[in-house]
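Engineer: No letters, just coordinates:
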């Protein structure tokens, strides 16, 4: 049972149109060199794998968020005294609010990615980077389209952008250095989103949400690989002072993202004690595991960039995310995904770039 759609988003905490000035570097590239073969291959993959949500997804599938699109165990207070005191109607509402909050943050994050990627096309000095970045702009526009449509038509509910996510997006967009935009968006925000999407795809009980998420993930794996490949070359030449500055940025961004996923706005809308709900969520086994998995893409990628010094390792240990340092990096994961799709017959090997 889909709920009544909402005609349009009406933010509660900010103007619908928000403008602010940012410094922006712009580079031409008159050499048109195409020597970075792995970036050139990503560009070829992106051209081949473009998709149209109107044709690919079955939007007629019914969605009932009150029955639960995700397992109840993913809700931080599941099984606690607070949960036990909720009646059936309140639990249905909490399921609806929780999935709406999560998908709205995906939507707002995708809009931030759309803006940041457009800036990257202007500022990245490499021709291959500008080419690939242009395909990512199209990808991000499509992601905004599918999440906006799902929320408006299927959930009939909305949340503003979370304050911690908005703060990080502002920092990324206002920094004129192209590598900081890569670090913030391609490594932190996209890396976190990729892990969150994976959990949603593997556990949702609704086929439309599963197919939508799987389609978005095909693009996202390329995006994070784009960041890793670009930054690995650039970071190798950084001075020690520049590396320390970037490690500081990464750590602060990780803290902001950890705080973003506390779902405070959901507890407040449900008239529950937010501090008590957050405390229970921190102790919840499955919910805590879900939060930790969100960093499983970030830590190995940061390590591969040479930005995991002993000082950073200690801080990641304090965040309880250091255990992911030996996971596979996103550029390798993307290569593995392509190989699996070839074996499954989803991709014609003849279309693969050399």
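Structural biologist: Okay, I see it. Only a predicted model underlies this, so the values are computations on that prediction, with no experimental measurement involved.
Engineer: For stretch 251-264, which residues meet the burial criterion?
Structural biologist: For stretch 251-264, a neighbour-count test (16 or more other CB atoms under 10 Å) marks 251, 253, 254, 256, 257, 258, 260, 261, 262, 263, 264 as buried. For glycine as for every other residue, the C-beta is placed from the backbone atoms N, C-alpha and C.
Engineer: Tell me which other helices or strands the helix or strand containing residue 247 touches.
Structural biologist: Here residue 247, judged by DSSP states H and E, is contained in helix 240-260. Using 3 or more CB pairs under 8 Å, 6 or more residues apart in numbering; DSSP states H and E as the contact definition, the elements that helix 240-260 packs against are helix 163-174, helix 178-181, helix 310-318.
Engineer: So for residue 244, which of these sits nearest?
Structural biologist: With CB to CB as the criterion, residue 244 lies closest to helix 310-318 of the helices and strands packed on helix 240-260, at 8.2 Å.
Engineer: which residue ranges form the helices in the stretch 151-300 of the chain?
Structural biologist: Here the stretch 151-300 of the chain has its helices, by DSSP state H, counting those that start in this stretch, at 163-174, 178-181, 190-203, 207-235, 240-260, 264-269, 274-283, 285-293, 298-304.
Engineer: hmm, back to that, deepest-packed of the helices and strands packed on helix 240-260, please.
Structural biologist: A comparison of the helices and strands packed on helix 240-260 by mean neighbour count, using mean count of other CB atoms under 10 Å, puts helix 178-181 on top with a mean of 20.
Engineer: Distance from the chain centre to that helix, please.
Structural biologist: Relative to its chain's centre, helix 178-181 lies at 17 Å (CA atoms, centre = their mean, to the nearest Å).
Engineer: start the count at 455, not 1, going forward
Structural biologist: Okay, using 455 as the starting number, the last item reads as helix 632-635.
Engineer: Need the residues that contact it.
Structural biologist: Contacts with helix 632-635, where a contact means CB atoms under 8 Å, 6 or more residues apart in numbering, come from 479, 570, 573-574, 577-579, 626-627, 629, 684-685, 688-689, 700, 703.
Engineer: farthest pair in these?
Structural biologist: The span of the contacts of helix 632-635, defined through CB to CB, is set by 627 and 689 at 21.2 Å.
Engineer: thinking again about what came up before, and of the contacts of helix 632-635, the nearest to residue 638?
Structural biologist: Checking the contacts of helix 632-635 against residue 638 with CB to CB, the nearest one is residue 626 at 3.7 Å.
Engineer: pretty sure the closest one contacts residue 640?
Structural biologist: No: between residue 626 and residue 640 there is no contact under CB atoms under 8 Å: 9.9 Å.
Engineer: Now the common contact residues for the two.
Structural biologist: By CB under 8 Å, 6+ apart, residue 626 and residue 640 have no common neighbours.
Engineer: tell me the secondary structure for residue 462?
Structural biologist: Of the three states, residue 462 takes coil under DSSP: H, G, I helix; E, B strand; the rest coil.
Engineer: thinking again about what came up before, and which of the contacts of helix 632-635 is nearest residue 592?
Structural biologist: The closest of those to residue 592 turns out to be residue 574 (CB to CB; 13.4 Å).
Engineer: Buried residues of the lengthiest helix in the chain, list them for me.
Structural biologist: Using DSSP state H, we find that the single longest helix of the chain is helix 542-577. Of the residues in helix 542-577, those buried by neighbour count under the rule 16+ other CB under 10 Å are 545-568, 570-575, 577.
Engineer: chain center to it: distance?
Structural biologist: 9 Å.
Engineer: Tell me the spacing between the spatially most central residue of the chain and residue 673.
Structural biologist: In the chain, the residue lying closest to the centroid (CA atoms, centre = their mean) is residue 647, at 2.3 Å. Counting by CB to CB, to the nearest Å, the separation of residue 647 from residue 673 is 11 Å.
Engineer: what's the answer for residue 763, then?
Structural biologist: The spacing between residue 763 and residue 673, counted by CB to CB, is 32 Å.
Engineer: Same check on residue 698?
Structural biologist: 33 Å.
Engineer: cool, residue 478 as well?
Structural biologist: 25 Å.
Engineer: Of the two, which one has the most company?
Structural biologist: Taking neighbours as other CB atoms under 10 Å, residue 478 and residue 673 compare with residue 673 leading, 21 against 11.
Engineer: Skipping its backbone neighbours, what lies nearest residue 619 in space?
Structural biologist: residue 714 (5.0 Å; CB to CB, 6 or more residues apart in numbering).
Engineer: For stretch 643-663, could you pull out the residues that count as buried?
Structural biologist: Using 16+ other CB under 10 Å as the test for burial, stretch 643-663 gives 643-655, 658, 660, 662-663.
Engineer: and that stretch, average pLDDT?
Structural biologist: The pLDDT scores in stretch 643-663 average 87.
Engineer: Residues in contact with it: which ones?
Structural biologist: Outside stretch 643-663, the residues within contact range by CB under 8 Å, 6+ apart are 511-513, 515, 517, 522-525, 528, 556, 560, 563, 566-567, 604, 608, 622-623, 626, 664, 667-668, 670-671, 674-675, 677-678, 681, 711, 744, 747-752, 755, 784.
Engineer: quick one: residue 571 and residue 584 touch, right?
Structural biologist: No: using CB under 8 Å, residue 571 is not in contact with residue 584; the gap is 11.0 Å.
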